[in-house]
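J.: here is my input; please provide its structure:
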Amino acid sequence: MKTTRILLASSFFAAVLAVPVLVHERTTQAAPPAPAPAAAAAPAGNCKTFGAGKCCSPDVTMHLEKEAVFSACGQSEATFLGEAASKDTCKYHFKIAGENSEETFVQVYSPAAKEVLDKPTDPFMSFKKVGKVWVTDKAKSPKAASQVASSTGLYMPGRGYFVSVAASTKVCTKPQTVTLSKSLK
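T.: All right, here's what the predicted structure looks like:
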């Protein structure tokens, strides 16, 4: 009986001494607390807007800046009418002689996505890969032919997002859009 008490007492003391060691070990091995989620970057307030549009979010424009569009497409501040934002989208509008300014734009769309396709799938268009970006190539149907003729599409997969660009061929020719694809981030 005495041996049992001695064993029980020593086990108790060992347990009491082990608790602070375990607590200290658990706190030093635990992952540091996750930082508070960063708020989405606020749209710039000093941009040139198109119509009643709002300034585009830097979260979208970081994937394709208007200066890259100017450079690749031969546009400038003189032809730039302004930007218009909507959810995960930014449209850069341009003045093209004899054209409706509602239809002369380069649109950037970059939503967050759980599953990102490696390449675009569209039953009406085929795509070809140029560098890291997929570019619309040919229409697979007569109905899609007018869309392929009026704009060039770009698609770039990312981690947790993708970037899709639709560039009016009146603003940016197909070869210019291929050059623009090198600026996608």
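J.: which stretches of the chain have low pLDDT?
T.: Confidence mapping of the chain against pLDDT under 70 gives the ranges 1-45.
J.: domain map for it?
T.: 1-29, 58-183 (automatic domain parsing).
J.: most tightly packed of those domains?
T.: domain 58-183 (a mean of 17; mean count of other CB atoms under 10 Å). Heads up, the C-betas are built off the backbone N, CA and C, glycines and all.
J.: what's the span of it, first residue to last?
T.: Domain 58-183 has an end-to-end distance of 16 Å (CA to CA, to the nearest Å).
J.: just checking, residue 166 touches residue 104?
T.: No: contact criterion CB atoms under 8 Å: residue 166 and residue 104 do not qualify, at 11.9 Å.
J.: common neighbours of the two, please.
T.: Among the neighbours of residue 166, none is also in contact with residue 104 (CB atoms under 8 Å, 6 or more residues apart in numbering).
J.: what about residue 162, helix or strand, and which?
T.: strand 162-168 (DSSP states H and E).
J.: other SSEs contacting the helix or strand just after that strand?
T.: Next along the chain after strand 162-168, taking DSSP H and E as the criterion, comes helix 174-180. Secondary-structure packing of helix 174-180 (3 or more CB pairs under 8 Å, 6 or more residues apart in numbering; DSSP states H and E): helix 66-73, strand 151-157, strand 162-168.
J.: distance to residue 112 added to these, as CSV?
T.: Formatted as CSV, the helices and strands packed on helix 174-180 follow (distance: least, CB to CB, whole Å):
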stretch, distance to residue 112
helix 66-73, 22
strand 151-157, 13
strand 162-168, 9
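J.: list the contacts of residue 53.
T.: Contacts of residue 53 by CB under 8 Å, 6+ apart are 82, 83, 84, 85, 91.
J.: helices along this structure, start to end?
T.: Along the chain, counting by DSSP state H, helices occupy 2-29, 58-61, 66-73, 142-150, 174-180.
J.: how about the CA coordinates for stretch 129-142, as CSV?
T.: Output in CSV follows, covering the C-alpha atoms of stretch 129-142 (Å, rounded to 0.1, in the frame of the first residue of the first chain):
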residue,chain,number,x,y,z
LYS,A,129,-1.3,30.2,-76.2
VAL,A,130,1.1,33.1,-76.5
GLY,A,131,3.6,33.0,-73.6
LYS,A,132,1.7,32.7,-70.4
VAL,A,133,-1.6,34.0,-71.9
TRP,A,134,-4.3,32.5,-74.0
VAL,A,135,-5.5,34.6,-76.9
THR,A,136,-8.8,34.2,-78.9
ASP,A,137,-7.9,32.7,-82.3
LYS,A,138,-10.9,31.7,-84.4
ALA,A,139,-14.6,31.6,-84.2
LYS,A,140,-16.2,28.1,-84.2
SER,A,141,-19.6,29.4,-85.3
PRO,A,142,-20.9,32.2,-87.5
